[in-house]
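> Provided below are the primary sequence and the corresponding predicted coordinates.
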Amino acid sequence: MLKKVFESLIYNPITKKIADYYRNTFQIDFQRNHFLDEINQNIAKDTYENFSSEISSSLLFLTRNKIRNYSISKVLEKSSKDNLFIECGVFEGESINLFAKKLLEKNYYIHGFDSFEGFDDNWAGSALEKNFFNKEGRLPKVKPNVKLYKGRVQDTFKEFIDNNNSTIKFLHLDMDHYEPTDYVLKHSKKNLDKDSFILLDDFANYPGWKNGPYKALNDNIPKNCYLIEAFGIFRSSSVLIRITNPLNE
Ligand SMILES: C[S@@+](CC[C@H](N)C(=O)[O-])C[C@H]1O[C@@H](n2cnc3c(N)ncnc32)[C@H](O)[C@@H]1O
């Protein structure tokens with residue numbers, strides 16, 4: 001009887017569709033897949049070898065939620081109403097609402113940038129194609145202290161930052177790709193100061209990580225100007241970076 005129920009479940013087209021979605025999106029296989037194991041082990045080893053010293057000197061978090069909560073608490077330790085709090089890559093508003101909830105306690109605003117049309121390109125090394133995360137331009141429901149700016153950051157961010165001389169206290173970058181991350185970092189430099197924080201998503205531990213946000217960080221911020229304060233020990237791991245020296249631009 002149990003066997004029959006189980007068989008009808010695994011051969012059910014809906015179950016198969018759900019399993020395929022998870023397999024593709026999160027690159028998890030339910031059967032032993034030695035090829036995938038080999039890829040994951042090599043990537044993890046490469047990530048570990050690159051950051052073994054940072055990993056032993058920073059806080060380690062096992063989930064995105066934990067590193068996000070820690071980051072915003074840390075940011076709020078020393079901040080003022082004049083500081084800028086920014087997120088690039090808003091999607092359905094999950095992370096910006098988490099930050100906004102904490103910022104609301106001090107009546108601070110957070111600025112959120114997104115095209116709401118998904119990726120500009122395929123994400124090489126994953127199964128996520130161009131336009132993945134496409135909301136067809138629909139804005140998510142957000143807390144009252146969130147201001148949203150719709151459009152590709154390459155079209156919206158410069159005007160915003162050119163009109164703002166305040167220090168960026170918190171910059172959450174979660175657009176997954178090199179180009180928009182590089183663009184925002186390039187145009188943020190003049191507003192980043194000692195003790196500004198950058199939470200950089202999709203930093204390491206996935207195929208092609210060295211060509212993504214990690215590269216954008218290296219291309220824009222010299223290694224002697226920041227410290228990794230917290231490291232996410234999960235796939236597509238995030239890092240919390242604290243600027244230690246002003247970036248002389
Ligand atoms: C991973 S999602 C963000 C998820 C969100 N931070 C969260 O955790 O709730 C990535 C977002 O980046 C946006 N994005 C990607 N490239 C962009 C670009 N060039 N300009 C603006 N938004 C972009 C996508 O539209 C998508 O909503």
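Good, I have the coordinates. If you're wondering where the values come from, they're calculated on a predicted model, not measured in any experiment. Residues are numbered from 1 along each chain as shown.
> Could you list the domains of this protein?
2-28, 39-243 (automatic domain parsing).
> Turn those into TSV, columns for distance to the ligand and mean pLDDT.
C-beta: built from backbone N, CA, C; applies to glycine. Shown next, in TSV, are the domains of the chain (distance: least, CB to the nearest ligand atom, whole Å; pLDDT from 0 to 100):
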stretch	distance to the ligand	mean pLDDT
domain 2-28	12	76
domain 39-243	3	96
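> can you pull the contacts of the residue nearest to the spatial centre of the chain?
Centroid-nearest residue in the chain, with CA atoms, centre = their mean: D201, separated by 2.5 Å. Each residue near D201 by CB atoms under 8 Å, 6 or more residues apart in numbering is listed here: 64, 89, 172-174, 176, 213, 236, 238.
> go again using 6 Å as the cut-off
For D201, the contact set (CB atoms under 6 Å, 6 or more residues apart in numbering) comprises 174, 238.
> Determine the three-state secondary structure at it.
Following DSSP: H, G, I helix; E, B strand; the rest coil, the label given to D201 is strand.
> How much space separates it from R64?
Look at D201 and R64: by CB to CB, to the nearest Å, they are 8 Å apart.
> thinking again about what came up before, gap between the residue nearest to the centre of the chain and K4?
44 Å.
> ok, which stretches of this protein are strands?
Applying DSSP state E to the chain gives strands spanning 59-61, 84-88, 110-114, 146-150, 168-173, 197-204, 226-232, 237-243.
> can you pull the buried residues of the top helix by length along the chain?
In the chain, taking DSSP state H as the definition, the longest helix is helix 34-57. Using 16 or more other CB atoms under 10 Å as the test for burial, helix 34-57 gives 40, 43-44, 47, 51.
> do the same with stretch 99-113
For stretch 99-113, a neighbour-count test (16+ other CB under 10 Å) marks 99-100, 102-103, 108-113 as buried.
> Distance of the nearest residue to G151 once chain neighbours are set aside relative to Q27?
In this structure, G151 finds its nearest non-sequential neighbour in S115, 5.8 Å apart by CB to CB, 6 or more residues apart in numbering. Distance of S115 to Q27, computed by CB to CB: 25 Å.
> Who has more neighbours out of the two?
Between S115 and Q27, S115 has the larger neighbour count (other CB atoms under 10 Å), namely 24 against 17.
> how about that one, phi and psi?
Per-residue torsions, S115: phi -80, psi -20 (degrees, to the nearest 10).
> quick one: it and Q154 touch, right?
No - contact criterion CB atoms under 6 Å: S115 and Q154 do not qualify, at 9.4 Å.
> Count the residues that sit near W209.
Residues lying near W209 (other CB under 10 Å) number 20.
> Please apply the same query to the one 5 residues further on.
Here the count is done by other CB under 10 Å, and Y214 has 21 residues near it.
> so G89 makes contact with L171?
No - in this structure, G89 is not within contact of L171 by CB under 6 Å, at 11.0 Å.
> so E87 makes contact with I96?
Yes - with contact defined as CB under 6 Å, E87 reaches I96; the gap is 4.8 Å.
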